[in-house]
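Visitor: Any chance you can model this:
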Amino acid sequence: MTYREILKTYEAYALENKKESSAIKMLLMHFSHLSGSKLLAHMHDEMSEDAFALFKNAAMEYVEHHKPVQHLIGSEMFFGYQFHVNEHVLIPRFETEELVEQTLLLMDVHFEDYDSIDLLDLGTGSGCIAIALDLEEARIHATGSDISYEAVEMAKKNAIFLKSTAEFIQGDLFEPFKGKTFDIILSNPPYIPENEEMDPLVKDYEPHVALFGGSDGLDFYKKIIQTLPNHLNDHYLVGFEHAYHHAKAIRALCEKALPNATIIQKKDMQGKDRMTFLVS
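Guide: Residues are numbered from 1 along each chain as shown. Sure, this is the predicted structure:
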């Protein structure tokens, strides 16, 4: 079969089963070792039998067994960088790219005169936030932490792969940082309520420790915000990604813990209240 025939057949197969046709193209590019433009140029060429067998198996895993395409190809793009992912880390989402972008914009205003900036990423997962910021801003010294040993190992692998100087430590939230303070603290903690219905692509394959945040989804925000004052320098920036319906609750938690901070809440590209920042 030609690449065109394979793409047409398996895109239809995906759509018939209520899956994304774009995932099929990603798989075809991966197993053909062709970029998007090169695949387009070779549409009338035949795919080798060995490569097609690998592609077909992956397509069935995605469509019939709900396995995320990112796990099948082993990576996901985030802020223009390729991050390795597996079942031990949350797949980076485009909403989190907006947290990175807004952090960079706020940094330019609030840390204009700083030569060096200490940043902590709590619950780092794949390391995407810490590494992206480390690569984008030379003044940042980034540290990421995660309770999962496997996640920390993946973050370290990504740092090496992307030539980032970000460091990663295993530990539960602030536990490894007693007596340590930071200029910037960021977190995209688990925020899905325990009983919320979820797509099998997420629920069956992504780590529950990175997804669920207690009965109301706020458990980790409460723990982090309560302890924040012990780990902030006098001049600081704090940023959270959160569910849009948690914006008011998180504002209230922040006002109680850091009453003198300026709170800035930002909407994502869909117009939803997805980010909360504190500055002083």
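
Visitor: backbone phi and psi for Ser126, please?
Guide: phi -70, psi -10 (degrees, to the nearest 10).

Visitor: Confirm for me that it is in contact with Arg93.
Guide: No - checked against Cβ atoms under 8 Å, the pair Ser126 and Arg93 is beyond contact range at 11.0 Å. (Glycine included, C-beta is placed from N, CA and C.)

Visitor: more crowded one of those two?
Guide: Taking neighbours as other Cβ atoms under 10 Å, Ser126 and Arg93 compare with Ser126 leading, 27 against 14.

Visitor: Counting neighbours, which bits of stretch 91-105 end up buried?
Guide: Residues of stretch 91-105 classed as buried: 91-92, 95-100, 102-103 (neighbour count, 16 or more other Cβ atoms under 10 Å).

Visitor: and which of those residues is nearest to Ala159?
Guide: Relative to Ala159, the closest of the buried residues of stretch 91-105 is Pro92; by Cβ to Cβ it sits at 14.4 Å.

Visitor: Is that closest one in a helix, a strand, or coil?
Guide: On the three-state scheme (DSSP: H, G, I helix; E, B strand; the rest coil), Pro92 is labelled coil.

Visitor: The residue nearest to it when sequence neighbours are not counted: neighbour count?
Guide: Nearest non-adjacent residue to Pro92, counting by Cβ to Cβ, 6 or more residues apart in numbering: Phe78, 3.9 Å away. Phe78: 23 surrounding residues under other Cβ under 10 Å.

Visitor: per-domain residue ranges of the chain.
Guide: Following automatic domain parsing, one gets these domains for the chain: 3-65, 77-279.

Visitor: so Ile91 touches Val85, yeah?
Guide: Yes - between Ile91 and Val85 a contact is recorded at 5.4 Å, counting by Cβ under 8 Å.

Visitor: okay, and the common contacts of these two?
Guide: When contacts are counted by Cβ atoms under 8 Å, 6 or more residues apart in numbering, Ile91 and Val85 have 70-71, 76, 126 as shared neighbours.

Visitor: Quick one: residues in contact with the helix or strand containing Leu28.
Guide: Taking DSSP states H and E as the criterion, Leu28 maps to helix 21-32. Residues from elsewhere that reach helix 21-32, judged by Cβ under 8 Å, 6+ apart: 3, 6-7, 10-11, 13-15, 35-36, 39, 42, 47, 51-52, 54-55, 58-59, 62, 69, 72-73.

Visitor: what about 6 Å?
Guide: 7, 10-11, 14-15, 39, 51, 54-55, 58-59, 62, 69, 73 (Cβ atoms under 6 Å, 6 or more residues apart in numbering).

Visitor: Need the max-distance pair from the residues you listed.
Guide: Maximum distance among those (Cβ to Cβ): 22.9 Å, for Leu15 and Ala51.

Visitor: remind me which residues of this protein are low pLDDT?
Guide: 191-217 (pLDDT under 70).

Visitor: So Asn260: helix, strand or coil?
Guide: Following three-state DSSP, Asn260 is assigned to coil.

Visitor: neighbours around the residue nearest to it when sequence neighbours are not counted, how many?
Guide: Counting by Cβ to Cβ, 6+ apart, Ser280 is the residue found nearest to Asn260 once chain neighbours are left out, at 6.5 Å. Neighbour count for Ser280, taken as other Cβ under 10 Å: 14.
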